[in-house]
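>>> give me a model of this one.
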Amino acid sequence: MYEFFFNYPPAIYEESEFILASGWPLWLLYTLIALGLAACIFMLAWKRKVLNWLQLGSIGILQGLMLALVLFILWQPALMTERLVGGENALAVLLDTSASMAIQENGSTRMTQAQELIGDEGLEELSDTYEVLRYGFTDNAFELDNFTELPDPGDASDLGQSVLQTLRAASNTSLGALILVSDGADNSGNIDAASLNEITGFGVPIHTVGIGRETIPEDLELSNILLPQKALPGTTLAAGITITHDQGGLARVKVYNGEELLSTEEIALSDNQGQTTAFINVEVSEPGELDLRFTLDPIAGERNLANNSRAQVVDVPDGQYRILYVEGEPRWEYKFMQRSLGEDPSVQLATLLRVTPNKYYRQGIDDPAQLEAGFPVDRAELYSYDALIIGSVELAEFTEEQQQMIHDFVSERGGSLMMIAGLNGLGLGGWDESVVNQVLPSRLTADNAAFVREQAKVIPTPAGLASPTLQLDDDPATNAERWNSLPNIADYQYLGPLRPAARTLLEIDVAGETLPLLVTQPFGRGQSYILATGGTWRWQMSMPLEDLSHETFWRQLARNLVANSPLPFELSTTIDNEEIRIRAQIRDPEAEENQGLAVSAVVSPQYGPSMTVELQASATQPGVYQASFTPQETGLFSVEAISRVGDTPIEAVRSAVRYEENQEAFNIRQNRDLLTTLAQATGGQYWQAADWDELPEAISYSTAGITEQDIRYLWDAPAIFLLLVLLKATEWILRRRWRTI
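Sure, this is the predicted structure:
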C-alpha cells in the first residue's frame, strides 16, 4: 500500500536524499508561491461583503496550498541515492557450516533451509548483477566452490573472527556487501568490541539472514554453571546453574561426582522469562578433585539432550590457610572467634593480642620465633598469611611502612583484609588518615564514627542471603528464618559512605534506619571487608548450646577470606574453544629463589598415555608461565605443574579439567540479537529467511563498492495527485455550503 501511494517502498526513502531535480533556483519557487498567495488574497478581497473573515481565510489557505503544491510538482521532487553499478562489484556470501546448522527443524535441517536460499536459483538475481564470492565458516572462514558440496560440520563457531577473515580475503575486490547466513550460534564468547570495531572499519554493510527457531519450547538447556575453581575441605559450595527454556514447568537436576550421585533437585521454571537461575549446594568433604556433572532430566518431546549436561572440576587442595588476627584489647569477640575457628582443619588462626603497650600475647603460632616482634615488619612474613584481620587497634600502632604493606597485601599479594569495629577501631582509631583507607569498602571518617553500645537487629540483605558466607541452612527459607531468630547485637559502629564497588551482606535496624554492618569489595587482586560490630559473640551466649549459628558464621566468613587467596605457586587449566590452556603463576617472581625458574607440566588424560608440556614464560606478565595443547580425546585431564631450577624440582601443584566436544550442542536457539547487532553496526539489515526476495533491492543501495547516482522522481506519485484533488474538493464543498458558487 505504501509503495502504491508513494511510488517506492520505505527502505528507498530511508536510503535516499530528497532533491528538487528541475535545477531551477529555490528563490524563484518561493517568489512564485508568494505572488500566488498575494493574488489569492486580492481576489478573495472582492468577496469580503459575501463571506466573513474566517470563511475567506479558509478558502485562501486551501487555494494557497494547492498553488504551492502545483509549483512544487513543477520543480520535480525526486529521491537521489547511490546504487551499486551492475557488473562492477562483488558480493560475498558467508555460510555457517558449524554443527548447530545440522539441527533438525520442521522436517529438515537448518543447513538444508540455508542451501535452499543460497543455491544457484536463490542467487540467480544477485549473480546477474554481481560477482558472487562463496565462503563457509566454523571457527575460521574458508572459500567454497559452491554451497552444495560442504565439508563435515565443525565442532565450534567463531562468528566475529570468520567475518573478519572473509572481509580481509575479499578486500582486493570492489566488495559491495556481505551476506551472512547463520543461526547466530557463537561459542567463542560472541563478538568483542575490538573485533566489531575492526569489522565496521571495512565500511562494508553486512546483511544477516537468520536461520532456525528463536524459541524451542520442547528443549531445556543447561546454559551455565557458576562454581569456583577451588574450594576448601569441609565447605558447602553454592553452585549457580542457569537453565534456558521457552516455557514454564519443573526441571529436575541431578548432581554427580564422577559416577556417584550426590543429589537431585527440582527447580521451578519461570513462565515469563527465558532463563531461570537457581543454586544447588554441593558438600566438599575430602581434599582432591571434585569431578562434578550437572544433568537435566529431558522433558516431553526433547530431542537435543547434549545441552542438558555440563561438567566442571573443582580443586580441593590439601593443607591449611593462614589468618593473622591483630586485636588491641581483650574482648569477648576475640575469645569466641578463636573458639569458632580453632576446630577448623582448613584454617590456622594466628593471633596478636595487645595486653600492655608494646606487648602482645601470641596464640596459634608454629614456633616461638613467629611474630616475636609483633606485627610483621617485612613483606615476606606478612605475605606468608592468606588473610589479615584487624580489630580494635589504633593506626598509631603501625608504622607507615607497615600501613603500606597492609595496602599492598590486598592489592598485590591478593590477600583479604577485614577490619572489626571497636573503641579504637576504624574511624575512631584514625584509620581514615591511612593509605589502608583506600582498600576498604567504606570511606572511613572520624566524623560520626562513634562506637555505640546499644542493641540492634541484624538483617541479611538479598545479596547476603544468596552469599555462601551467610548460609546457616541449606534451605533458603530456613536460612532466612534462622537469621531472623538470632539475638540482637549490643554494639555497632558508624561507617563513612560506601564505595561504588561495595556490596553489603548484613545490615542493622537502628530506629527504623538501616545501616551497613558487613560490607565487602574487591580491591586489586584481593578483597576487603568491614564488620561494623564487636558483638556477634552474643549469638553464642544467648542461644542454646547446641545451636551452632555463631560458629558456622565465623567459619564460613574465615573460609571466604582465604578461599581465593593466591598460593605461592598456582595452576589453572581452562578450555578455550578446542584447546586446553595451562597457566602457572609464581607469586613473587622477583624473589631470589625464583630466579632461573622453569615450569613443566605432566598431563594425564583419563584415556591414553601421559605427556609432558613445557610452559613458556609470559613476556608481559612476570611470574606467569603458560602453554596450550589440543586434546585428542574427551574426558578428565589431570595436570601436575612442576617448578624447577635446572634439574632440581622446587614445588609441584595439581589441577584438572574436563574436556568435551559438544560446544555446538549449546546455544541452539537462533541468536537474533547478535545477528541484528552485527547488521546494524555495519549499515546492513537483519532478514528472516522468508524475506530473502527483498534482499537484492536492499543490497543495491550499498555505498561500499563502485556506485552511481540514481534519481527517482516523485511528481507522479498518486499521493500528490490525491492531495491536489482533496484540496480542490474541500474548497468546492465549502463554497457550496456557503452558497458562493
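>>> and R339, helix, strand or coil?
Taking DSSP: H, G, I helix; E, B strand; the rest coil as the rule, one finds R339 in the helix state.
>>> model confidence for it, exactly?
In this model, R339 is scored at 86, pLDDT.
>>> also S195?
85.
>>> list the contacts for it?
Applying Cβ atoms under 8 Å, 6 or more residues apart in numbering, we find S195 in contact with 160-161, 164. Every residue, glycine included, has its C-beta placed from N, CA and C.
>>> turn these into a markdown table, including secondary structure.
A markdown table is the format used below for those (three-state DSSP):
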| residue | secondary structure |
| --- | --- |
| G160 | helix |
| Q161 | helix |
| L164 | helix |
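>>> out of those residues, which comes closest to L353?
G160 (57.7 Å; Cβ to Cβ).
>>> OK, contacts around that closest one?
By Cβ under 8 Å, 6+ apart, the contact set of G160 is 186, 188, 190-192, 195-196, 199.
>>> any idea how far it lies from I191?
With distances taken as Cβ to Cβ, to the nearest Å, G160 is found 4 Å from I191.
>>> need the residues touching each of the two.
Jointly contacting G160 and I191 under the rule Cβ under 8 Å, 6+ apart are I199.
>>> out of the contacts of S195, which comes closest to P476?
G160 (39.3 Å).
>>> quick check: closest non-adjacent residue to A396.
G430 (6.7 Å; Cβ to Cβ, 6 or more residues apart in numbering).
>>> for that neighbour, grab phi and psi.
Backbone geometry at G430, expressed as degrees, to the nearest 10, gives phi 80, psi 10.
>>> residues contacting it?
394-396, 446.
>>> hmm, which two among the residues you listed are most spread apart?
Across the contacts of G430 (Cβ to Cβ), the longest gap, 13.7 Å, separates A396 and A446.
>>> higher neighbour count, the two?
In this view A396 and A446 are compared by other Cβ atoms under 10 Å, and A446 has more residues nearby, 14 against 10.
>>> just checking, that one touches G427?
Yes: A446 lies in contact with G427 (Cβ atoms under 8 Å); the separation is 5.1 Å.
>>> how close does the residue nearest to A396 get to I642?
Counting by Cβ to Cβ - G430 and I642 are separated by 47 Å.
>>> over to I206?
From I206 to I642 the distance is 48 Å (Cβ to Cβ).
>>> so which of the two has more stuff around it?
It is I206, of I206 and I642, that has more neighbours when counted by other Cβ under 10 Å, with 26 against 18.
>>> quick one, what contacts the more buried one?
163, 177-180, 199, 678-679, 682, 684.
>>> save the contacts of G430 as a markdown table, and put in secondary structure and distance to S411 too.
Listed next are those as a markdown table, based on DSSP: H, G, I helix; E, B strand; the rest coil; distance: Cβ to Cβ, whole Å:
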| residue | secondary structure | distance to S411 |
| --- | --- | --- |
| E394 | coil | 23 |
| L395 | helix | 18 |
| A396 | helix | 23 |
| A446 | coil | 24 |
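>>> can you list the residues you listed in TSV and add distance to T235 and pLDDT?
As requested, the contacts of G430 are arranged in TSV below (distance: Cβ to Cβ, whole Å; pLDDT from 0 to 100):
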residue	distance to T235	pLDDT
E394	35	92
L395	34	91
A396	38	89
A446	38	79
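>>> so A251 is in which element?
Assigning secondary structure by DSSP states H and E places A251 in strand 249-257.
>>> how many neighbouring residues does the closest residue in space to S309 that isn't next to it in sequence have?
Spatial nearest neighbour of S309, chain neighbours left out: T295 (4.4 Å); criterion: Cβ to Cβ, 6+ apart. Applying other Cβ under 10 Å, we find 18 residues neighbouring T295.
>>> T295 and R252 touch, don't they?
No: the criterion here is Cβ under 8 Å, and T295 misses it with R252 at 9.1 Å.
>>> ranges for the helices of the stretch 51-200 of the chain?
Taking DSSP state H, counting those that start in this stretch as the criterion, the stretch 51-200 of the chain carries its helices at 53-74, 110-118, 124-129, 159-169, 193-201.
>>> please identify the most buried of these.
Across these, the average number of neighbours (mean count of other Cβ atoms under 10 Å) peaks for helix 159-169, which reaches a mean of 21.
>>> output that helix as PDB, nothing but the C-alphas.
Extracted in PDB, the C-alpha atoms of helix 159-169 (Å, rounded to 0.1, in the frame of the first residue of the first chain):
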ATOM      1  CA  LEU A 159      31.400 -15.700  14.000                       C
ATOM      2  CA  GLY A 160      33.400 -12.500  14.600                       C
ATOM      3  CA  GLN A 161      36.700 -14.000  13.500                       C
ATOM      4  CA  SER A 162      35.200 -15.600  10.500                       C
ATOM      5  CA  VAL A 163      33.500 -12.400   9.300                       C
ATOM      6  CA  LEU A 164      36.900 -10.600   9.700                       C
ATOM      7  CA  GLN A 165      38.700 -13.200   7.700                       C
ATOM      8  CA  THR A 166      36.100 -13.000   4.900                       C
ATOM      9  CA  LEU A 167      36.300  -9.200   4.700                       C
ATOM     10  CA  ARG A 168      40.100  -9.500   4.500                       C
ATOM     11  CA  ALA A 169      40.000 -12.200   1.800                       C
END
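>>> I appreciate the help and will end here.
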